[in-house]
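> next one to model:
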Amino acid sequence: MTKLTRVTAPTLDVVQVLLGSADPIWGLALAKAVERAPGTVYPILSRLEELGWIVGDWEGESDHAGPRRRYYRLTDEGRAEAAALVAARARRVVASPTPRLAFGVSG
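As a prediction, the model looks like this:
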């Protein structure tokens, strides 16, 4: 399994939603869930699929209007990688000190 070489905030958002979803989720619903533009989310999904972290499947027959939906789910290996990524980022955030702003405050 290939690791992500660049992890951005939108990528973490997408990974966290995929981790929290028990069922496959379609791309536009995922974009709405992370409150990011589809133009940001779909390249992330494509990259994750190329890495083998997720699998995307086109829906079959549907009653809804509009184009067919592509549903995404984490692979078993992808779920492990995603969980490790989120945990590592959480540790980094906790470990990093809060910066102090100096605005002429005397103490």
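> distance of the spatially most central residue of the chain from Glu61?
Central residue of the chain (CA atoms, centre = their mean): Val14, 1.7 Å from the mean position. Noted for Val14: a distance of 28 Å to Glu61, by CB to CB, to the nearest Å. For every residue, glycine as well, the C-beta is placed using N, CA and C.
> check Pro43 and give its pLDDT.
Pro43 carries a pLDDT score of 97 in this model.
> all helices for the protein, in order.
Secondary structure of the chain (DSSP state H): helices located at 9-20, 27-34, 38-51, 76-95.
> tell me which residues touch Ala83, please.
Leu19 (CB atoms under 8 Å, 6 or more residues apart in numbering).
> ok, now with 10 Å
Each residue near Ala83 by CB atoms under 10 Å, 6 or more residues apart in numbering is listed here: Val15, Gln16, Leu19, Leu74.
> give me the distance between it and Gly20.
11 Å.
> repeat for Thr2
23 Å.
> where does this structure have low pLDDT?
1, 93-107 (pLDDT under 70).
> same thing but at 80, please
Across the chain, residues meeting the criterion (pLDDT under 80) sit at 1-2, 62-63, 92-107.
> how many neighbours does the closest residue to Tyr42 other than its chain neighbours have?
Of all residues not flanking Tyr42 in the chain, Gly27 sits nearest, at 6.0 Å (CB to CB, 6 or more residues apart in numbering). Residues lying near Gly27 (other CB atoms under 10 Å) number 18.
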